[in-house]
Structure formats: C-alpha cells, structure tokens
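Engineer: Requesting a structural model of the entry that follows:
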Amino acid sequence: MTSSALNNKYDSVEFPFCDEVTKYEKLTKIGQGTFGEVFKARHKRNRRVVALKKVLMENEKEGFPITALREIKILQLLRHENVVHLIEICRTKAYNRFKGSIFLVFEFCEHDLAGLLSNANVKFSLGEIKEVVKQLLNGLYYIHSNKILHRDMKAANILITKEGKLKLADFGLARAFSHAKPSQPNRYTNRVVTLWYRPPELLLGERNYGPPIDMWGAGCIMAEMWTRSPIMQGNTEQHQLTLISHLCGSISPEIWSGVDKLEFFSKLELPKGHKRKVKERLKAYVKDQIALDLIDKLLWLDPSNRINSDDALNHDFFWLDPLPCSLQKMLSLHTQSMFEFLAPPRRRIQQQAQHSAVPPRRSANLPQSHDQTFDRVF
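Structural biologist: Reported below is the predicted structural model:
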C-alpha cells in the first residue's frame, strides 16, 4: 500500500475500533518523542501505569502521519522483552472542524539511560554495565533478525524499568529493510540518527545501508556507560566526521573499500594522517581491556567489517568475570522515575532536547578536569 493510500485510509483519524483515551488518567508530561508528546498515565479501572504518546497532527494536511503509521506497524510486529511494548492505540473524539487525537499506549518504564548517566549518584558496576549492553544487543539482534532498522540509537531512546529490564524505544524513525540487489540498491534517507551517534557512512551520504548503522550507535552508547557523556559531540556533519577521524582514524579507500564512491566523500574535508586511537583515547575511562576491544569493533569505520549483534553477544566481554548481573538492586536505590527527577512538567528543556533531532546537551556530571580533557580529546 502506498503512503498516499495509507493516508487516505486514515484521513478521518477516527479509529472507530480504538478505545477512547479517557479510560486513562494523565499524571504528568514526561517527554517529547520524535513525533509526539509523552505522558505518564494510569488506567482508571485496573490502575496500570502506562506511557501515552500523543501523535502530533497539527502539521498534517493530507491525513494521518506516515511516520506514525510506520511506527505503529513496526511495533505491532515486534514482541520482545527488550523492545518497548505497544499495548494499544487510543483516540479522542473529533468535534466540529477538529480532528480527534491519537495516542499510542506503551508499557511504562521508570528510567531512560540518558537520565541515569546524567545523575552522578547513579553508579554502574562492571557487571551492571555488561547487563545493560547485553540487553541492548539482544534487542538489536531481535529487530535486525526481523529486518527492522531502529535508525535513532542514542541513550535517551534506551528505557529501563525499575526491575532492570532494558527496552529499545522511540521507533519513530525506524523502517523495514531488505538486502539490495547489485542492480537495484536501496535508496533510504541518510538524514536519520541524532548527529552525535550518526555513523560515518550516513555522514558521507550512503543511502544503501543496513544494521551496521545501529551497531555504531550501540558502540557510542557502550562507551558512554563509562564516560557518562556522548563521546563525539559534533556541531555539524563536517565537525562530526572530523571527530570520528581523530578517534577512529582517517577515512580512505585503503581502509574502507569503496568509500570514495559515496556522495560526500569528495565534497567534505576529511582529515588525513590520523591513526586509529579508539582504545588509546578511551582507556582513561574504560579500564577493562575486553570492553575496549568490543567498543573498538563496534566503532569500525567500514560498515561491512563492523561487528554485528550476534557476534557482539558472543564477545568475551560477556563471558568473563564479572558476568552480567541484575540491575534491580542498583535501581532500587533510585525509586523515583528519572523522567520526573530530571524534568517535572514545567522543566522539560533538557529531556526535550535529548528526544529531538537536535543532539542532547552535554551532561554536567563529569568532574571539571575530566570534562575539559574529554572535550579536548574527542
């Protein structure tokens, strides 16, 4: 079915077989997703706490947003413990000339990883870091096995329940993918993934991409478990590529076959003469050598040689002491939802920035001397 056909089908935005959202009591606004506001709410009858994501309709002149339709379709197909669960779709009634509103109802998760990492009081042991990364990779293995790309991997889109269960969330930019034929390459948009987590192939204009774009984001997030702040904070695509080159080595056809064929390879200024220094630059934060090896493999420049989720899960990092351990005990020390701790209803600026296309602000939890060094190194 074409996009226009889908929009025509849902043009009235009535969703007559969906329950009305009035069955839920809104408690507080907790965020701003890629395509809508998010509220904490409670079912009036069974008292179940959920997250309500309002689909923004104000700018839609041709019907229901295709981006929201894609998110709904994808989430209805995905059922996994490490993927946020879409419980149902609810609506408000249309009245006069105004269309009704649509809400996606999700299971409620008390924390997001960006919030936890920005709180200096939250301490992760090595075993707990392993558990976070293992669950993250489990979720990616599942969606990639089902031919889905997330396309917006970042710490703010990783939710964690109070029981310590990690959930990939915000599939507003996700899409199904297929393995392209040599004569018919895919032509996906490369204007995806928040800048600080965007892999080099997208920055260079690649449109025939696949799961490696999510694995790069996973590598950035894994490193962030120690640094507590995004490791490459570029201001522009050019600046981001410069930071990547300083950390991962200069980009050239010698180390990345075919990179010179990408659209922006000759249009952007790529630093020359830089050696790969992922392990060297991160060792001040990441003391575990096995962890450094996995981060290094996740942040590989050539996407065809970047480690996939299956091989990553079999990496020694997860099979040597200390083994991955439950997050529940650590999270029990932080009983208040990080969403509400960081951003009450009238103070959502930081969280909105983290969930928008604009990269999140630097967290201020690193000691001043470390923060200056980190800024200079990366």
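
Engineer: residue ranges of the helices in the stretch 251-378 of the chain, please?
Structural biologist: For the stretch 251-378 of the chain, the helices defined by DSSP state H, counting those that start in this stretch cover 278-282, 289-298, 309-313, 328-331, 338-342, 349-355, 368-377.

Engineer: Quick one: mean pLDDT over the fifth one.
Structural biologist: Model confidence over helix 338-342 averages 49 on the pLDDT scale.

Engineer: neighbours around A51, how many?
Structural biologist: A51: 23 surrounding residues under other Cβ atoms under 10 Å. C-beta: built from backbone N, CA, C; applies to glycine.

Engineer: and what of L243?
Structural biologist: Around L243 there are 18 residues (other Cβ under 10 Å).

Engineer: Can you verify it is assigned to a helix?
Structural biologist: Yes. Looking at L243 with DSSP: H, G, I helix; E, B strand; the rest coil, it is inside a helix.

Engineer: which other helices and strands contact the longest strand along the chain?
Structural biologist: In the chain, taking DSSP state E as the definition, the longest strand is strand 24-33. Counting contacts by 3 or more Cβ pairs under 8 Å, 6 or more residues apart in numbering; DSSP states H and E, strand 24-33 packs against strand 36-43, strand 49-54, helix 338-342, helix 349-355.

Engineer: 6 Å - rerun?
Structural biologist: Helices and strands touching strand 24-33, by 3 or more Cβ pairs under 6 Å, 6 or more residues apart in numbering; DSSP states H and E, are strand 36-43, helix 349-355.

Engineer: For V122, which three-state class applies?
Structural biologist: Secondary structure for V122, judged by three-state DSSP, is coil.

Engineer: looking at it, it is touching L116, isn't it?
Structural biologist: Yes. Between V122 and L116 a contact is recorded at 4.8 Å, counting by Cβ atoms under 6 Å.

Engineer: Can you give me the first-to-last residue distance of stretch 106-121?
Structural biologist: Terminal residues of stretch 106-121 lie 28 Å apart, using Cα to Cα, to the nearest Å.

Engineer: Show me the strands in this protein, by range?
Structural biologist: Going by DSSP E, the chain shows strands at 24-33, 36-43, 49-54, 86-91, 102-107, 111-112, 148-149, 158-160, 166-168, 175-176.

Engineer: Tell me how far I66 lies from R306.
Structural biologist: Using Cβ to Cβ, to the nearest Å, I66 is found at 30 Å from R306.

Engineer: So between the two, which is more surrounded?
Structural biologist: Neighbours per residue (other Cβ under 10 Å) separate I66 from R306, with R306 holding more: 22 against 16.

Engineer: which stretches of the stretch 201-350 of the chain have low pLDDT?
Structural biologist: Residue ranges of the stretch 201-350 of the chain with pLDDT under 70: 335-350.

Engineer: go again using 90 as the cut-off
Structural biologist: 333-350 (pLDDT under 90).

Engineer: V286: how many residues sit nearby?
Structural biologist: V286: 22 neighbours (other Cβ under 10 Å).

Engineer: How about M153: what's its closest non-neighbour residue?
Structural biologist: Residue nearest to M153 in three dimensions, not counting chain neighbours: G217, with 2.6 Å by Cβ to Cβ, 6 or more residues apart in numbering.

Engineer: surely that neighbour meets W196?
Structural biologist: No. In this structure, G217 is not within contact of W196 by Cβ under 6 Å, at 9.5 Å.

Engineer: who has more neighbours, the two?
Structural biologist: A direct count of neighbours by other Cβ under 10 Å for G217 and W196 places G217 higher, at 27 against 21.

Engineer: dump the residue contacts of the spatially most central residue of the chain.
Structural biologist: Central residue of the chain (Cα atoms, centre = their mean): M153, 2.5 Å from the mean position. Residues near M153 by Cβ atoms under 6 Å, 6 or more residues apart in numbering: 197, 214, 217.

Engineer: And the pLDDT for it?
Structural biologist: Note on M153: pLDDT of 97.

Engineer: How about the one 4 residues further on?
Structural biologist: On pLDDT, N157 comes in at 94.

Engineer: separation between it and I221?
Structural biologist: Distance of N157 to I221, given as Cβ to Cβ: 9 Å.

Engineer: now do I72
Structural biologist: For I72, the distance to I221 - Cβ to Cβ - is 25 Å.

Engineer: Outside of the biggest helix by length in the chain itself, list whatever touches it.
Structural biologist: Counting residues, the longest helix found in the chain (DSSP state H) is helix 126-145. Residues outside helix 126-145 that contact it (Cβ under 6 Å, 6+ apart): 80, 82-83, 166, 168, 211, 214, 218, 222, 225, 309-310, 312-313, 318, 322, 324-325, 327, 330.

Engineer: from those, which would you call buried?
Structural biologist: Buried members of these, scored by 16 or more other Cβ atoms under 10 Å, are 80, 82-83, 166, 168, 211, 214, 218, 222, 225, 309, 312-313, 318, 324-325, 327, 330.
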